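Visitor: whatever this is, show me its structure:
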Amino acid sequence: MMTLLATDLIVKFYAFLWPLTRIAALMMTAPVFSVEAANARIRLMLALTLTAMVYPMFDWPAIDPFSAAGLMALLTEIGIGVVMGMVLQIVTAALVVAGQSISASMGLSMANMIDPTLGNVPILAQFLTVMGTLIFFALGGHLVVISALVETFRAVPVGQPVKAAEAISKLMTWSSMMFLGGLLIALPVMAILLLINIGLGVITRAAPSLNIFSVGVPAAVAAGFVILIFVMPGMGNRMHWLWLEGFEQIRNIFGVP
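Guide: Next comes the predicted model:
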C-alpha cells in the first residue's frame with residue numbers, strides 16, 4: 001500500500017511539474033511579475049497558486065522528466081513561458097526608449113536612477129515605466145495574461161511539438177515595436193523641443209554674445225515639462241495601445257483564439 005501510494009505521489013508530482021514550469025517561467029520573465037518588490041518567494045508562491053488552480057482543468061501526460069522526451073518537454077515549457085514574458089518585456093523596453101529619447105531632448109540625460117529590473121535609466125524613463133505599469137493593471141492586463149497562459153495549455157498541450165522557429169521569428173518581428181512604440185510615445189515632445197532648439201539656435205546666431213547654455217538648457221527643461229503636461233493623455237492612450245498589441249501578439253505567437 002505504501003509503495004502504491006508513493007508511486008501515485010510521484011506520478012502526481014510529475015504531472016504537476018509541467019504546468020508549474022510554464023507558469024514559473026512566465027513569472028520570472030514578465031516585467032510586472034518580475035520586479036524587485038516581488039522577490040523569488042512571492043513569485044514562487046504565485047506560480048504554485050496558479051498551478052494549483054490550473055492543474056484540475058486539464059489532463060496531463062505521464063512523461064518521465066529524466067528521459068530525453070521529458071527533458072525536451074521541460075525545455076519547451078520553459079521556452080513558452082519565457083517567450084510570453086519577453087513579449088511584455090518589449091512593451092516595457094519601448095517605454096524606456098521613449099523616456100530616454102525625451103530626456104535627451106530636454107537635457108535631463110544626466111538625471112538617472114538605478115532600476116533593479118532595467119538598470120541605469122533616466123528619471124523620465126522610470127516615470128513612464130511606472131505610468132505604463134499602472135495602465136497595465138487598469139486594463140486588467142494581469143488577468144488577460146493569466147487567461148492567455150491558461151489558453152496556451154489548450155493551444156500548445158504539454159508534450160506536443162512546438163514550431164519553435166516560427167515562434168522565435170514572430171518574437172523577433174515584434175521586437176521592432178521596442179523602437180516604433182518608443183518613437184510614437186516620444187515623438188510629440190521631441191518634435192516640439194526640436195522647434196524650440198531651432199528657435200534658440202536662431203536667437204544665438206542673431207545675438208552671439210548670448211550664452212546658449214545659460215538660456216537654452218533651462219528653457220528646454222521648462223518647455224519639456226510643460227509639453228509633457230499637455231501630451232500626457234495622448235501618451236497614456238499610446239501605452240494603452242501598446243499593451244493591447246502585446247496581448248494580441250501573445251495570442252498570435254501560440255495560436256490562442
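
Visitor: every contact and neighbour count from this point should use C-alpha atoms.
Guide: Noted.

Visitor: list the contacts of Asn197.
Guide: Gly216, Ala220 (Cα atoms under 8 Å, 6 or more residues apart in numbering).

Visitor: quick check: it is in a helix.
Guide: Yes: assigned with DSSP: H, G, I helix; E, B strand; the rest coil, Asn197 falls within a helix.

Visitor: quick one, grab the pLDDT at it.
Guide: For Asn197, the pLDDT comes out at 80.

Visitor: for Trp241, same thing?
Guide: Checking the pLDDT column for Trp241, the value is 93.

Visitor: and what of Met86?
Guide: Met86 is assigned a pLDDT of 90 by the prediction.

Visitor: ok, Ser34 next?
Guide: You'll see Ser34 listed with a pLDDT of 57.

Visitor: one more: Asn39?
Guide: Confidence at Asn39, expressed as pLDDT, is 69.

Visitor: repeat that for the one 5 residues further on.
Guide: According to the prediction, Leu44 has pLDDT 81.

Visitor: residues contacting the host helix or strand of it, please?
Guide: Counting by DSSP states H and E, the secondary-structure element that holds Leu44 is helix 40-54. Outside helix 40-54, the residues that touch it by Cα under 8 Å, 6+ apart are Phe16, Pro19, Leu20, Ile23, Ala24, Met27, Met28, Phe33, Ser34, Val150.

Visitor: inside helices: which ones of these?
Guide: Among the contacts of helix 40-54, the residues falling in helices (DSSP state H) are Phe16, Pro19, Leu20, Ile23, Ala24, Met27, Met28, Val150.

Visitor: which of the residues you listed sits closest to Leu108?
Guide: Set against Leu108, the nearest of the ones in helices among the contacts of helix 40-54 by Cα to Cα is Met28 (31.7 Å).

Visitor: what ranges do the helices span in the stretch 101-250 of the chain?
Guide: Listed in chain order, the helices of the stretch 101-250 of the chain (DSSP state H, counting those that start in this stretch) span residues 123-138, 141-155, 164-174, 177-206, 212-254.
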